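S.K.: fold the following and give me the result.
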Amino acid sequence: MAMPQMDPAKLQLVQELEIEMMSDMYNRLVTACHRKCIPLKYHEPELGKGESVCLDRCVAKYLDVHERIGKKLSNMSQGESEDLTKVNIPEKK
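M.R.: Residues are numbered from 1 along each chain as shown. Below you'll find the model as predicted:
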């Protein structure tokens, strides 16, 4: 199915919203993984091996969950769109 062309103003709005959502996701990821993996008091200027491994795993899990939720919401949205089109199609007599 081909996507309809958007006018430039709508396309810019969609792009801005996507950037805002990605920025919000990144900020949440940083906050959650920092809180989970790095102690409140820094003992060394560099990350330790345990902190690095924890951060790698945390980021991977966060992005995996984010992707899964995005797919689920997309599928739900497509299902709702299909349901709406079924309702609006008049029956043949």
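
S.K.: and the helix or strand where Met25 lies, how far from the chain's centre?
M.R.: In this structure, Met25 sits in helix 8-37 according to DSSP states H and E. Counting by Cα atoms, centre = their mean, to the nearest Å, helix 8-37 is centred 8 Å from the centre of its parent chain.

S.K.: and what of stretch 36-55?
M.R.: Using Cα atoms, centre = their mean, the distance from the centre of stretch 36-55 to the centre of the chain it belongs to is 26 Å.

S.K.: next, the buried residues of that stretch.
M.R.: Cys37, Cys54, Leu55 (16 or more other Cβ atoms under 10 Å). (Glycine included, C-beta is placed from N, CA and C.)

S.K.: will you turn these into a markdown table that also has pLDDT?
M.R.: Converted to a markdown table, the buried residues of stretch 36-55 look like this (pLDDT from 0 to 100):
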| residue | pLDDT |
| --- | --- |
| Cys37 | 96 |
| Cys54 | 97 |
| Leu55 | 97 |
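
S.K.: re the thing from before, run through the neighbouring helices and strands of the helix holding Met25.
M.R.: helix 49-88 (3 or more Cβ pairs under 8 Å, 6 or more residues apart in numbering; DSSP states H and E).

S.K.: gap between the helix it packs on and the chain center?
M.R.: Counting by Cα atoms, centre = their mean, helix 49-88 comes out at 6 Å from the chain centroid.

S.K.: what's near enough to touch the residue nearest the centre of the chain?
M.R.: Nearest to the mean C-alpha position of the chain, by Cα atoms, centre = their mean, lies His66 at 4.7 Å. Residues near His66 by Cβ atoms under 8 Å, 6 or more residues apart in numbering: Met25, Leu29.

S.K.: please report the distance of it from Pro8.
M.R.: 29 Å (Cβ to Cβ, to the nearest Å).
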